[in-house]
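S.K.: Pasted the sequence and its predicted model underneath.
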Amino acid sequence: MAGLVCMRSDLAALLRNALLPQRNGDGGWGYYPGKASRLESTCWALLSLAEDWLQDDAPIVEAGVRLLASWQRADGLIAEPQLPPNLAFNGLASIVITAVGSSPFARPAHDEVQRRLLSGIVGVKSKTLSNWKNPFRQDNSLVGWPWTEDTFAWVEPTAWCMLALKRAATRHPIAGSPSRIAEAERLLFDRQCSGGGWNYGNSAVMGQQLHAYVPPTALALLALQDRRERPEVRLALDYLAGSWRREPSGMALGLSLLCLRAFGLPADEIEAALAAAWQRSGFLGNHSVIGVARYALMAGTHGSAVLTA
Amino acid sequence: MDQPFSRPEWTRREILALPLAAAVAAASACRPRFDRAAFTVPARSAVGLFPAADYRVDLADVIYRGLQTLRVDVRGKRVLLKPNLVEYENGSCINTHPLVVAGAAVAMLRAGAVSVAVGEGPGHRRDIEYLLVSSGLYDQLKELRIPFVDLNHDDVRPVTLKSWFTGLRSIVLPASVLSADLLVSLAKLKTHHWAGMTCGMKNLFGIVPGSVYGWPKNLLHFRGIPEFIVDLNATIRPGLTIVDAVVAMEGDGPIMGSPRPLGFIAMGTDVVAVDATCARVIGLAPDRLTYLKSAAEFLGNVDDARIDQRGEAPARYRTRFDVIESMRQLRDE
């Protein structure tokens, strides 16, 4: 156990050292060194640092949240300059603000950013399609969240937005949120692959069963933590527990670690695999993945982590 | 330049103007899908089919000789190789083989390219680290010290589309694609259950950034896959196409199909002509593939009589690929 704690803290320190020098002047992170700040990479970096609650990090976290607020549109959604809002990453941004809100870095101004963001998220509905001559198995009439406005619902944006609304429900109750969550849950269960997990969102096409992937499965399960009594959730957990070794990347291992821990399942072995993946590829230098991995290692250090509460 | 995206926010004035908007929409429906004056179809296009019985042959040599045969000058150019890296399945033939990617990189450097990078933005899987490592491409590139660019998460720039089959005016694309001197579509020859065939032209879907458009790149599917293939190729012209047809895929491609060894590498500077040649080899009629039919109007040569074959004659490889029921009408019979 002592060895595991040592490895965890060593790896967490390495990942922190990989992230901090790459912060851009505007307070955000690009996906890769030298790239422009983007929403997802900034969110994961902030989430992984906010979990430390180190007072020295206060200006870094504050500048990061200020950057997110500067990208907020009139409708509450956060959009990078000249780009459409990405709903999955808007859900993630809301979770970052929830996490910061329960840390010593909380500021009253964050509440207003969060309230508007959640309203913006509830306001976006995915397009639906007729189920007539549907080449897929799924029910295309269900409403979830798309990656970008005016498109179809997919697993990852639906899971992120649902998780954001669930996490913020107590402090920021938003009209219309409960019914959106209920339908989004139906959508996720509808899109589940026959083997128990999820892929990006089509479980079967033209009669062919498609394979599940580890990252969207872990993410969907995180969004369904409060539905652990459902047999579909137990099936998905079985899939994840048996499959994470087949996708040994920083993203897949980090999300698997978070997810299995959230459900109280053994996951120490994943930490060793995460360290091996870092040694092999350095996660290709992707700041989002470095943030995912670090957050997964650190989550719960100061109590319940926002993604796994 | 058009803004790539703007959220419609209806004001009272706009609602009152709806009848006018309807008239404008009707007029735009008649708008040409491309400006003929902006494009020149080459009088003739050369396409080479070069034997490669399996992946153990010296693929760098095959591709280098192909460059010489086709007189492709890469000297001093910064080359971006865009393979087809979609999904990993042990023992499958979904992706451009890592040895073909490595061979192309070595051939480009040998031919005088100043730099070579490999870039891809898979449309289903976000997890590029998993795909690179599991497919074996990560080790190949590491050994050769060839950098990889994650096109789903690169910096992006707005680009005005040069044709309008989708009705879109602009999209955003990765900075690394826009700054390359030579973009090489390093495709895999496969049947495709939506587009009919994926080869050099369809392969460019992978340059569209998922961090902007999502996984899959849904806005573009909504606008029509064949239409977007044409708009993309009209806007970002690959200077060279190299097709891995050493082992191709038939049946329910691009992922669930079956391996079909063909034993050649196809190359050419006219991506339309390369795709038309590959379609003929696998028993599909190019003019029945919607995107090739459209591309033939202004982008490149589909007509057999305007394609000069180099290397082996297509007849040597000609066969009939298995296709799914809904694609049977594409066969050249």
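M.R.: Ah, there it is.

S.K.: Can you pull the residues of the stretch 101-250 of chain A lying near chain B?
M.R.: By the rule Cβ under 8 Å from any Cβ of the partner chain, the part of the stretch 101-250 of chain A lying against chain B is A:127, A:146-152, A:154, A:156-157, A:199-200, A:205-206, A:208, A:213-215, A:247-250. Just so you know, the C-beta spots here come from the backbone N, C-alpha and C atoms, and that holds for glycine as well.

S.K.: switch the cut-off to 10 Å
M.R.: The stretch 101-250 of chain A has residues A:126-127, A:129, A:135, A:146-157, A:199-202, A:205-211, A:213-216, A:246-250 near chain B, with proximity defined as Cβ under 10 Å from any Cβ of the partner chain.

S.K.: And the strands in chain B?
M.R.: B:45-51, B:78-83, B:115-120, B:148-150, B:156-160, B:170-174, B:182-192, B:196-198, B:240-250, B:258-268, B:307-311 (DSSP state E).

S.K.: so does stretch B:248-266 get close to chain A?
M.R.: Yes. Stretch B:248-266 lies within reach of chain A by Cβ under 10 Å from any Cβ, at B:252, B:255-256.

S.K.: Take those residues and keep only those in helices.
M.R.: If you go by DSSP state H, these have nothing in helices.

S.K.: What's the PyMOL syntax to select whichever of the residues of the stretch 101-250 of chain A next to chain B are buried?
M.R.: Buried residues among those (16 or more other Cβ atoms under 10 Å in any protein chain shown), as a PyMOL selection:
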select buried, chain A and resi 126+146+147+148+149+150+151+152+153+154+155+156+157+199+200+201+202+205+210+213+214+215+216+247+248+249+250
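
S.K.: Take the residues of the stretch 101-250 of chain A next to chain B and keep only those in strands.
M.R.: A:205, A:208-209.

S.K.: for the helix or strand where residue A:48 lies, packing partners?
M.R.: Using DSSP states H and E, residue A:48 sits in helix A:39-50. Packing partners of helix A:39-50 (3 or more Cβ pairs under 10 Å, 6 or more residues apart in numbering or on different chains; DSSP states H and E): helix A:2-19, helix A:58-70, helix A:87-101, helix A:250-262, helix A:287-298, helix B:210-213.

S.K.: Turn the ones you listed into CSV, columns for distance to residue B:295.
M.R.: What follows is the helices and strands packed on helix A:39-50, written out as CSV (distance: least, Cβ to Cβ, whole Å):
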stretch, distance to residue B:295
helix A:2-19, 44
helix A:58-70, 42
helix A:87-101, 33
helix A:250-262, 36
helix A:287-298, 36
helix B:210-213, 22
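
S.K.: so what's residue A:55 scoring on pLDDT?
M.R.: On the pLDDT scale, residue A:55 is placed at 84.

S.K.: mind checking how far it is from residue A:96?
M.R.: Spatial separation of residue A:55 from residue A:96 under the definition Cβ to Cβ, to the nearest Å is 19 Å.

S.K.: can you check residue B:78 too?
M.R.: Distance from residue B:78 to residue A:96, by Cβ to Cβ: 37 Å.

S.K.: if we can go back for a sec, of all the residues of stretch B:248-266 next to chain A, which comes closest to chain A?
M.R.: residue B:256 (5.2 Å; Cβ to the nearest Cβ).

S.K.: List the residues that contact the closest one.
M.R.: Under the criterion of Cβ atoms under 10 Å, 6 or more residues apart in numbering or on different chains, the neighbours of residue B:256 are A:205-206, A:208-211, B:87, B:89, B:92, B:94, B:193, B:249, B:324.

S.K.: Output those as JSON lines; include the columns pLDDT and distance to residue B:169.
M.R.: Shown next, in JSON lines, are those (pLDDT from 0 to 100; distance: Cβ to Cβ, whole Å):
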{"residue": "A:205", "pLDDT": "80", "distance to residue B:169": "31"}
{"residue": "A:206", "pLDDT": "78", "distance to residue B:169": "33"}
{"residue": "A:208", "pLDDT": "81", "distance to residue B:169": "36"}
{"residue": "A:209", "pLDDT": "86", "distance to residue B:169": "39"}
{"residue": "A:210", "pLDDT": "87", "distance to residue B:169": "34"}
{"residue": "A:211", "pLDDT": "91", "distance to residue B:169": "37"}
{"residue": "B:87", "pLDDT": "93", "distance to residue B:169": "32"}
{"residue": "B:89", "pLDDT": "89", "distance to residue B:169": "38"}
{"residue": "B:92", "pLDDT": "89", "distance to residue B:169": "38"}
{"residue": "B:94", "pLDDT": "96", "distance to residue B:169": "33"}
{"residue": "B:193", "pLDDT": "91", "distance to residue B:169": "29"}
{"residue": "B:249", "pLDDT": "98", "distance to residue B:169": "34"}
{"residue": "B:324", "pLDDT": "93", "distance to residue B:169": "34"}
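
S.K.: Quick check: of those, which lies closest to residue A:41?
M.R.: Closest to residue A:41 out of those is residue B:87 (24.2 Å), distances taken as Cβ to Cβ.

S.K.: State the pLDDT value of the residue in chain A positioned nearest to chain B.
M.R.: Closest approach between chain A and chain B, counting by Cβ to the nearest Cβ: residue A:147, at 2.4 Å. Looking at residue A:147, its pLDDT reads 97.

S.K.: roughly how far apart are the closest residue to it other than its chain neighbours and residue A:225?
M.R.: Sequence neighbours aside, residue B:214 is the residue nearest to residue A:147 in space, at 2.4 Å (criterion: Cβ to Cβ, 6 or more residues apart in numbering or on different chains). Taking Cβ to Cβ as the measure, residue B:214 falls 24 Å from residue A:225.

S.K.: hang on, the earlier thing: how near is the residue of chain A closest to chain B to residue A:126?
M.R.: When residue A:147 is compared with residue A:126 (using Cβ to Cβ), they lie 9 Å apart.

S.K.: Now the common contact residues for these two.
M.R.: Joint contacts of residue A:147 and residue A:126 (Cβ under 10 Å, 6+ apart) are A:87, A:153-154, A:157-158, B:218.

S.K.: Report the contact partners of the residue nearest to residue A:76 when sequence neighbours are not counted.
M.R.: Computed as Cβ to Cβ, 6+ apart, the closest residue to residue A:76 that is not its neighbour in sequence is residue A:120, at 2.9 Å. Contacts for residue A:120 (Cβ under 10 Å, 6+ apart) come out as A:72-79, A:85, A:87, A:90, A:94, A:174.

S.K.: Repeat that for residue A:207.
M.R.: A:135, A:137, B:252, B:324.

S.K.: Find the pair from these with maximum spatial separation.
M.R.: A:137 and B:324, at 16.7 Å, using Cβ to Cβ across those.

S.K.: that older thread, comparing residue B:214 and residue A:225, which shows the higher neighbour count?
M.R.: residue B:214 (28 against 16; other Cβ atoms under 10 Å in any protein chain shown).
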